[in-house]
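Peer 1: Sharing a model that was predicted from the sequence below.
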Amino acid sequence: MPSLDARGVASLLREYAQRTALRGGNPYRAKAYSRAADSLAALAVPLDVLIAEDRLTEIPGVGDAIADIITKVHKTGSHPSLEKLRKEIPAGVLEMLAVPGLRPEKVLRLYKDLGIGSLSELEAAAKDDRIKTAKGLGAALQTKILQNLATAKSGEGRLHLHRAAALLAHAKDSIRKSRPELKRVTIAGDFRRGCELVGELAIVAEAAKPDKITTPSTDGLQIRVSDRKHFGAALLFATGSAGHIEQLQALAAEKGMRLGADGLHKGRTLIAGDEAEIYRALGLLFIDPELREGRGEIEAVLKGKLPKLVTDQDLRGILHCHTDASDGTETLETMAKATRQRGFEYFGVADHSKSAHYAGGLSIEEIAQQHREADRLNKRLGKDFRILKGIESDILADGSLDYDDDVLERFDFVVASIHCRFKLDRKAQTQRLLRAISNRHTTIIGHMTGRQLQRRPGYEIDAEKVLRACAKHDVVVEINAHPWRLDLDWRWHQTALEFGCMLSINPDAHSIPELDHMHWGVLMARKGGVPAHRVLNAMKLPEITRYFRQKRRSLARAA
């Protein structure tokens, strides 16, 4: 039997992960197999080369044990442990693991108790009300299945932004090391456009003689090679989107030119092969990749309304972070120092409030203790850096916040967020948010729709009405930078800006590494067309302290 390539091994390793999850036991083992499968699917070097050179452990997520499994599967097309697992569960049952919120033990119960053996059978059973009557399953699970089936289908085969970043960085590094004949190795595709979920991992590279270059191509990673003369056009087309490219081609046709992956031509003459030159020759300013979605960006350029997008360097501080006082992993001092080491001017702590029992929400006494600690640290950290005192206050079912006014007045800022009762209907959920926004203590609305990408859809709200209320009450809208959230969705950013809202790019960090989530929030803001002057935490320390001080003074006058 011929040996399997990386794509074939990745497929079997992913199956191994799914069957291991259904078997039970250590859940991290199944996740490790799954991550290794993703890495294999994005290899930039042939798998047999890595095996021959004993370099499998260079692949992200592959240690010695998984390397042994990969080697055996590559050579034999299977693995004894996998064959044993296959005898326990039919292949169709694995499909159900793609449904968000449907844990392996529930999938097993659905199969063993109801005989459901595939995703289509699951959908039929849910629609026929067969799940809600089953012992140990019930109506709530049936409702969740019906709600999340669409999420399972829409997210199939797509990676979260941060996971795609790791795979592409490894692929780029591998190409540079193993293929020195390839130059200007550049990431393209969905990732370059800042899409929150990445379906195609794409890289463009330059070679002196592209026709002589062979590159591995899998469903996971596409490597496109061009010569220097046409590299920019190849990068433009590999970046997309299809809608943006079609509109550029239409504009080129209006001007008597032809735009293709080989460049911009007039007749047989190459007018431009560089990406920036192509835009310039079409009478356009360079359009940042994040905006290239065919959603009016070309018209905006022609009208002189293309925004100067926010960058990582524009951000001066971090707001909405957690410490070990609630559900974070680090102390206030450690988080603040890590923030300062990253070059920021302020750290806005916003631990969970008292209603968040699941997250160790702060009591009144614990708030006072944290504020004393912040005052002590601020004296030590100097005048160029400051800890800002905030709280993530739960929005209760009726829209009220879960502290009295005299407690809320003690904070520099208040992030108001929904963490429960997601199933309220659209009208009730909207009214809940509107009441929270009208609360004079609310500074920022956190993760406004509550979505978690590929896990759960957001709760139903009238987003336009909520954004209008934020503008009216001078409440900032959060762009939650956690890669599982990225909420508010970038498709609503322009609406928020048009209504007059300020936005804040917040990491929702619970650990030091999560402080670096800020970058994903910046990508989302760029994709939504947000300029730096509309971002709260692009303010310098004196500006934001003055902003919060003025807000507190206005509260005092209102009281």
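Peer 2: Received it, and whenever you're ready, just let me know what you need.
Peer 1: which stretches of the stretch 451-559 of the chain have low pLDDT?
Peer 2: Across the stretch 451-559 of the chain, the ranges flagged by pLDDT under 70 are 555-559.
Peer 1: got the buried residues for stretch 477-490?
Peer 2: 477-490 (16 or more other CB atoms under 10 Å). All C-beta atoms are positioned from the backbone trio N, CA, C, and that covers glycine.
Peer 1: show me the contacts for residue 175.
Peer 2: Listed by CB atoms under 8 Å, 6 or more residues apart in numbering, the contact set of residue 175 reads 44-45, 182, 185, 203, 205, 223.
Peer 1: For the longest strand seen in the chain, which helices and strands make contact with it?
Peer 2: In the chain, taking DSSP state E as the definition, the longest strand is strand 386-394. Strand 386-394 sits against strand 317-321, strand 346-352, helix 364-381, strand 413-417, helix 541-558, with contacts defined as 3 or more CB pairs under 8 Å, 6 or more residues apart in numbering; DSSP states H and E.
Peer 1: how about these, which one is nearest residue 305?
Peer 2: Ranking these by proximity to residue 305 (CB to CB) places helix 541-558 first, at 26.1 Å.
Peer 1: Please find the angle between the direction vectors of that closest one and strand 317-321.
Peer 2: Helix 541-558 and strand 317-321 are oriented at 50 degrees to each other (axes from the mean of the first three to the mean of the last three CA atoms, to 10 degrees).
Peer 1: can you list contacts of helix 541-558?
Peer 2: Outside helix 541-558, the residues touching it (CB under 8 Å, 6+ apart) are 316-317, 345-346, 384-386, 388, 409, 412-413, 440-441, 443, 474, 536-537, 539.
Peer 1: Now, the contacts of residue 175 that are in strands?
Peer 2: 185, 203, 205, 223.
Peer 1: any chance of those in JSON lines, with distance to residue 377 too?
Peer 2: Listed next are those as JSON lines, based on distance: CB to CB, whole Å:
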{"residue": "185", "distance to residue 377": "44"}
{"residue": "203", "distance to residue 377": "44"}
{"residue": "205", "distance to residue 377": "48"}
{"residue": "223", "distance to residue 377": "49"}
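Peer 1: neighbours around the residue nearest to residue 482 when sequence neighbours are not counted, how many?
Peer 2: Leaving aside its sequence neighbours, residue 482 sits nearest to residue 508 (CB to CB, 6 or more residues apart in numbering; 4.6 Å). The local packing of residue 508 (other CB atoms under 10 Å) involves 24 other residues.
Peer 1: so residue 508 makes contact with residue 485?
Peer 2: Yes: Residue 508 lies in contact with residue 485 (CB atoms under 8 Å); the separation is 7.0 Å.
Peer 1: anything in contact with each of those two?
Peer 2: residue 447.
Peer 1: so what's residue 112 up against?
Peer 2: Residue 112 touches nothing, counting by CB under 8 Å, 6+ apart.
Peer 1: right, I mislabeled it, should have said residue 312
Peer 2: For residue 312, the contact set (CB under 8 Å, 6+ apart) comprises 518-519, 522.
Peer 1: try residue 527
Peer 2: 193-195, 290-291, 293, 490, 493.
Peer 1: now residue 54
Peer 2: With CB under 8 Å, 6+ apart as the criterion, no residue contacts residue 54.
Peer 1: What is the neighbour count of residue 301?
Peer 2: Residue 301: 18 neighbours (other CB under 10 Å).
Peer 1: Give me the residues contacting stretch 376-391.
Peer 2: Here stretch 376-391 makes contact (CB under 8 Å, 6+ apart) with 317, 319-320, 332-333, 336-337, 340, 344-351, 353, 362, 367, 370-371, 374, 403, 408, 410-415, 443, 541, 544-545, 548.
Peer 1: and what of stretch 494-505?
Peer 2: Here stretch 494-505 has contacts from 310, 315, 319-320, 444, 463-464, 467-468, 470-471, 474-479, 481, 488, 493, 518, 521-522, 524-525, 528-530, 534-537, using CB under 8 Å, 6+ apart.
Peer 1: Got a quick ChimeraX command for the buried subset of these?
Peer 2: In ChimeraX syntax, the buried subset of the contacts of stretch 494-505 is picked out as below (16+ other CB under 10 Å):
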select :310,315,319,320,444,463,467,468,470,471,475,476,477,478,479,481,488,493,518,521,522,524,525,528,529,530,534,535,536,537
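Peer 1: Okay, buried residues for stretch 294-306 please.
Peer 2: For stretch 294-306, the neighbour count (16+ other CB under 10 Å) marks 294-295, 297-298, 300-301, 306 as buried.
Peer 1: how about the residue minimising distance to the centre of the chain, what does it touch?
Peer 2: When CA atoms, centre = their mean is applied to the chain, the residue found nearest the centroid is residue 483 (3.0 Å). By CB under 8 Å, 6+ apart, the residues touching residue 483 are 160-163, 453, 517, 520.
Peer 1: one step back: of the helices and strands packed on strand 386-394, which is nearest residue 118?
Peer 2: It's strand 413-417; of the helices and strands packed on strand 386-394, that one is closest to residue 118 (CB to CB) at 37.6 Å.
Peer 1: send the alpha carbons of the closest one over as CSV?
Peer 2: What follows is strand 413-417, C-alpha atoms only, in CSV (Å, rounded to 0.1, in the frame of the first residue of the first chain):
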residue,chain,number,x,y,z
PHE,A,413,-15.1,52.8,34.4
VAL,A,414,-17.8,50.2,34.3
VAL,A,415,-18.1,47.5,31.6
ALA,A,416,-21.7,46.2,31.6
SER,A,417,-22.1,42.7,30.1
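Peer 1: Strand 386-394 and the helix or strand just after it, what's the angle between them?
Peer 2: Proceeding N to C from strand 413-417, the next assigned helix or strand is helix 426-438, under DSSP states H and E. Orientation note: helix 426-438 sits at an angle of 150 degrees relative to strand 386-394 (the same axes, to 10 degrees).
Peer 1: Contacts for helix 426-438 next, please.
Peer 2: 395, 397-401, 416, 418, 421, 424, 442, 445, 448, 459-462, 465-466, 469-470, 473, 475.
Peer 1: pLDDT value on residue 154, please?
Peer 2: At residue 154, the model reports a pLDDT of 63.
Peer 1: Ok, which of the helices and strands packed on strand 386-394 comes nearest residue 142?
Peer 2: strand 413-417 (28.1 Å).
Peer 1: Filter the buried residues of stretch 477-490 down to the ones in helices?
Peer 2: Using DSSP state H, the subset of the buried residues of stretch 477-490 located in helices is empty.
Peer 1: Identify, from these, the entry nearest to residue 81.
Peer 2: Proximity of these to residue 81, judged by CB to CB, is greatest for residue 484, which lies at 30.8 Å.
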